[in-house]
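A.B. asks: model this:
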Amino acid sequence: MSLRVEDWTLQAKCRGLQDELFPDGADQKRARSVCFSCPVRNECLAEALDNRIEWGVWGGLTERERRQLLRQRTDITSWTSILCPKARRVC
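C.D. replies: Reported below is the predicted structural model:
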């Protein structure tokens, strides 16, 4: 099934849990557990990385983990092209 860019959020396991995905400290581990079996985890992470979203858990990564990844991989200009293969692109 092919989805438009704005439609990937409809398949997210966290849909309706937005407040719970912006926890502090130890609660981030619990929030991340929602992401690991999510069918649109890559699309979510690509959205956060491409748009430099600073807060919350996106695609299973905390804001600290995303910042570290962005610092390590300054050569990547489009995380969507890396994380969302064309065969199943929904990003």
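A.B. asks: make it CA atoms for all contacts and neighbour counts henceforth
C.D. replies: OK.
A.B. asks: can you report how many residues lie near residue 83?
C.D. replies: Applying the criterion other CA atoms under 10 Å, we find 17 residues in the vicinity of residue 83.
A.B. asks: ok, and the closest non-adjacent residue to it?
C.D. replies: Distances taken as CA to CA, 6 or more residues apart in numbering put residue 42 closest to residue 83, at 5.6 Å, once the chain neighbours are dropped.
A.B. asks: with residue 32 instead?
C.D. replies: In space, residue 32 comes closest to residue 60 once its chain neighbours are excluded; the distance is 4.8 Å by CA to CA, 6+ apart.
A.B. asks: identify each buried residue in stretch 66-79, please.
C.D. replies: Within stretch 66-79, the residues that qualify as buried are 66, 67, 70, 79, counting by 16 or more other CA atoms under 10 Å.
A.B. asks: please apply the same query to stretch 32-47.
C.D. replies: Neighbour counts over stretch 32-47 (16+ other CA under 10 Å) mark 32, 34, 35, 38, 40, 41, 42, 43, 44, 45, 46, 47 as buried.
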